[in-house]
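A.B. asks: Curious how this folds, go ahead:
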Amino acid sequence: MGKVVLVTGAARHLGGRFVRRIQRDPEVERVIAVDAVAPAHRLGAAEFVRADIRRPEIAKVLAEHDVDTVVHLDVTGTALGGGGRTSVKETNVIGTMQLLGACQKSPRIARLVIKSSTSVYGSAPRDPAVFTETTPAKSLPSGGFAKDAVEVEGYVRGFARRRPDVAVCVLRFANILGPRIDSPLAEYLALPVLPTVLGYDPRLQFVHEDDVIDVLRLAAHEPRRATQNSGTFNVAGDGVLLLSQCARRLGRPTVPVLLPAVTWVGTALRTVGITDFAPEQIRLLTHGRVVSTVQTREVFGFSPRYSTAEALADFARGAGRDCCRPSCSPGRWTGSPVASAPLTLPLHHGA
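C.D. replies: Numbers count the residues shown, from 1 in each chain. Predicted structure coming up:
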């Protein structure tokens, strides 16, 4: 008998892509795709179950389909459809609690994969140059999606203690970019003029959506090093870009704004519905964030196909926003992963 994999968040772009990809693995017998709304995209041969993970009914879904592997992708910073911030938080936090409660009661569950974010490290002026998975945050996120991710990971750690027989894998993704990604950062980078914080040029990392799917698939199976069946792993593309480099590669002018006024700008952008310029994003665009990906490479044998610079370039092409210079091509950058010091190299052209 092969794996029976349940995937939450199937109506979202990444969820749909992962559902279509994981069902092609020979070890997988069936895929159960779950979401509160019907997806607009195809799900291949997967069975779609319309269920709200915020409700106890998710336990029945696990039991009825003999699920042994759960990939929880319904942890996100953006609402699906007409939902607002309250709906997002309920799905992230309450939904995760209900799902973990259902998994705890199920004797068949053997593996749990959680989509999280490097935003759990926060962004502060005295942050280390590079965060590892064990580095504590200097300033914990106080709100928004970042705080949701911190709470979700707390509940997951509690589940892991109660069910030591289940392999629990938490993947902390850097900001995800790609041709079809819808996120607050993608909306910010799509603005005709990028407001920046005067006097700051933060270091940023991105991960391409294709790499997200690849590492999720690896995490749903046994890792290369079976002794590390569980754990928390950072996932990001190789290399680092400054925000000023991003703006030049996108051909976007910037408008430096005094730090106290940035909050007013963010409120104005949220009010008119242009982008969700939340406080957590303001801190990221002030202090930046860089993480080490060494552990992910060693355990999963995973090497991202796209560097940070290439993920940005593909995002630009997919949205009809070509990089400002033809030399910014999709060629591979073969630098080593961030380990002990950030790389602020011009990865494609002098930026």
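A.B. asks: Please make it C-alpha for all contacts and neighbour counts, starting now.
C.D. replies: Fine.
A.B. asks: Strands of the chain, start to end?
C.D. replies: Taking DSSP state E as the criterion, the chain carries its strands at 3-8, 28-35, 47-50, 69-72, 111-117, 167-173, 175-177, 194-197, 203-204, 206-208, 231-235, 241-242, 254-257.
A.B. asks: okay, these in CSV with mean pLDDT next?
C.D. replies: Compiled in CSV, these are given as follows (pLDDT from 0 to 100):
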stretch, mean pLDDT
strand 3-8, 97
strand 28-35, 97
strand 47-50, 97
strand 69-72, 98
strand 111-117, 97
strand 167-173, 97
strand 175-177, 96
strand 194-197, 91
strand 203-204, 98
strand 206-208, 98
strand 231-235, 96
strand 241-242, 98
strand 254-257, 91
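A.B. asks: who wins for proximity to Phe145 among those?
C.D. replies: strand 111-117 (9.0 Å; Cα to Cα).
A.B. asks: how many neighbours does Lys138 have?
C.D. replies: For Lys138, the neighbour count with other Cα atoms under 10 Å is 14.
A.B. asks: Contact partners for it?
C.D. replies: 121-124, 126-127 (Cα atoms under 8 Å, 6 or more residues apart in numbering).
A.B. asks: before we move on, the earlier item: quick one: closest of the strands of the chain to Arg248.
C.D. replies: Smallest distance to Arg248 across those (Cα to Cα): 9.0 Å, for strand 254-257.
A.B. asks: residues of that closest one that come out buried?
C.D. replies: For strand 254-257, burial by neighbour count (16 or more other Cα atoms under 10 Å) applies to Thr254.
A.B. asks: Kindly report the same for stretch 102-113.
C.D. replies: 102-104, 106, 109-113.
A.B. asks: next one: that stretch to chain centre, how far?
C.D. replies: In terms of Cα atoms, centre = their mean, to the nearest Å, the centre of stretch 102-113 is found 23 Å from the chain centre.
A.B. asks: what would the buried residues of stretch 102-113 look like in JSON lines with distance to Pro136?
C.D. replies: Shown next, in JSON lines, are those (distance: Cα to Cα, whole Å):
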{"residue": "Ala102", "distance to Pro136": "30"}
{"residue": "Cys103", "distance to Pro136": "28"}
{"residue": "Gln104", "distance to Pro136": "28"}
{"residue": "Ser106", "distance to Pro136": "32"}
{"residue": "Ile109", "distance to Pro136": "30"}
{"residue": "Ala110", "distance to Pro136": "29"}
{"residue": "Arg111", "distance to Pro136": "26"}
{"residue": "Leu112", "distance to Pro136": "24"}
{"residue": "Val113", "distance to Pro136": "22"}
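A.B. asks: Can you get me a residue count around the residue nearest to Glu29 when sequence neighbours are not counted?
C.D. replies: Closest residue to Glu29 apart from its sequence neighbours, by Cα to Cα, 6 or more residues apart in numbering: Gly2 at 4.5 Å. Counted with other Cα under 10 Å, residues neighbouring Gly2 total 11.
A.B. asks: Pick the one among the contacts of Lys138 closest to Arg249.
C.D. replies: Proximity of the contacts of Lys138 to Arg249 (Cα to Cα) peaks at Ser123, which lies at 23.7 Å.
A.B. asks: Hmm, the closest one is touching Leu284, no?
C.D. replies: Yes - Ser123 is within contact range of Leu284, at 5.5 Å (criterion: Cα atoms under 8 Å).
A.B. asks: of those two, who's got more company?
C.D. replies: Higher neighbour count among Ser123 and Leu284: Ser123, with 27 against 18, using other Cα under 10 Å.
A.B. asks: and that one, backbone torsions?
C.D. replies: With angles defined as degrees, to the nearest 10, Ser123 sits at phi -140, psi 120.
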